[in-house]
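Colleague: Provide a 3D model corresponding to the input given below.
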Amino acid sequence: MKKLTLNADETIIEKAKMLAEEEGTSVSALFERYVRMLIARRRTSQSLGPIARKAAGVISLPRGKLARHILEEALAEKYKIDP
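Modeller: As a prediction, the model looks like this:
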C-alpha cells in the first residue's frame, strides 16, 4: 500500500480522528472508504441519463411505499380506474 500525506484544517483532523475512533478504524481506512464511496456514486450517476440525473433525489418516497405503487395510484387517479 502506498503512503499519502494530506493537509487539512486542525479541526477537521481532530474530527476525523474522533470519527475513526468511533468507527473502530483508522483515518486512512476512513479516507479510503470515503473515496471508494465517491467513486461508486459517480459510476451510478454516470449510468443515468442527464434528465434522470437531474431528477435523482428530488423527492423522497413515503416509508413503506414503492415507486411502482405511487405510479400505479397516480395513473389510476388520472384515468379514473380502480387499482
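Colleague: quick one: the helices in the chain?
Modeller: 10-23, 27-47, 50-55, 67-78 (DSSP state H).
Colleague: from Ala56, how far off is the spatially most central residue of the chain?
Modeller: In the chain, the centroid-proximal residue (C-alpha atoms, centre = their mean) is Arg41; its distance is 6.6 Å. Computed as C-beta to C-beta, to the nearest Å, the Arg41 to Ala56 distance reads 11 Å. Using the backbone N, CA and C atoms, a C-beta is placed for each residue, glycine as well.
Colleague: remind me which residues of the chain are low pLDDT?
Modeller: Low-confidence segments of the chain (pLDDT under 70): 44-48, 53, 57-58, 83.
Colleague: now for Leu6, how many residues are close by?
Modeller: Using other C-beta atoms under 10 Å, Leu6 has 10 neighbouring residues.
Colleague: ugh, wrong one, Phe31
Modeller: 14.
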